[in-house]
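Undergrad: Provided below are the primary sequence and the corresponding predicted coordinates.
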Amino acid sequence: MFSSFSFSPHLSSPPPVEMAMSSILNADDIKKALDAFAAADSFDYKKFFEMVGLKSKSCDEVKKVFTVLDADNSGFIEEEELKFVLKGFAKDGRDLSDKETKEFLRAADKDGDGKIGVDEFAALVKE
Ligand SMILES: [Ca+2]
Ligand SMILES: [Ca+2]
């Protein structure tokens, strides 16, 4: 018989994102930040991280947020995950445009491997 516990590394249904995020960040702050950058190509990661309150969080909490955004648990936020990064904060967050995604990635990806590691993410948040 199958046990009720699953240790599969290929988890097809990650835990509810909003619940995880709202245990770290204030839902109202997230909503305000998403509203502020609702227009296409208006995204500013520095202001966004500040508005959602991430900038003032501890390193551990920033790492938890990274884990939520790393939807496939690869240990990195890849370009395709970055495009949907706002959905990690709230279900109704918009997709980033290709231009925003590339700019965000370029700003974060200090070692140039085309994806964002947890240290790169933490450094970006604290920038
Ligand atoms: Ca990933
Ligand atoms: Ca990198």
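TA: Nice, thanks for sending it over. Ligands and ions are numbered 1, 2, ... in the order given.
Undergrad: contacts and neighbour counts: CA atoms only from here.
TA: Fine.
Undergrad: May I have the secondary structure class of E61?
TA: Under the three-state scheme (DSSP: H, G, I helix; E, B strand; the rest coil), E61 adopts helix.
Undergrad: S23 versus that one, what's the distance?
TA: According to Cα to Cα, to the nearest Å, E61 stands 10 Å off from S23.
Undergrad: Those two - which one has more neighbours?
TA: Between E61 and S23, counted using other Cα atoms under 10 Å, E61 has the larger neighbour count: 17 against 12.
Undergrad: who's in contact with that one?
TA: I24 (Cα atoms under 8 Å, 6 or more residues apart in numbering).
Undergrad: again, only this time at 6 Å
TA: If you count contacts by Cα atoms under 6 Å, 6 or more residues apart in numbering, E61 has none.
Undergrad: and I116, helix, strand or coil?
TA: Criterion first, three-state DSSP; result for I116: strand.
Undergrad: Contact partners for it?
TA: Going by Cα under 6 Å, 6+ apart, I116 touches F76, I77, D109.
Undergrad: which strand residues sit across from the closest residue in space to G75 that isn't next to it in sequence in the sheet?
TA: Once flanking residues are discounted, G75 sits nearest to G117: 6.6 Å by Cα to Cα, 6 or more residues apart in numbering. Beta bridges link G117 to F76, judged by DSSP bridges.
Undergrad: Next, count neighbours for D60.
TA: For D60, the tally of surrounding residues (other Cα under 10 Å) stands at 10.
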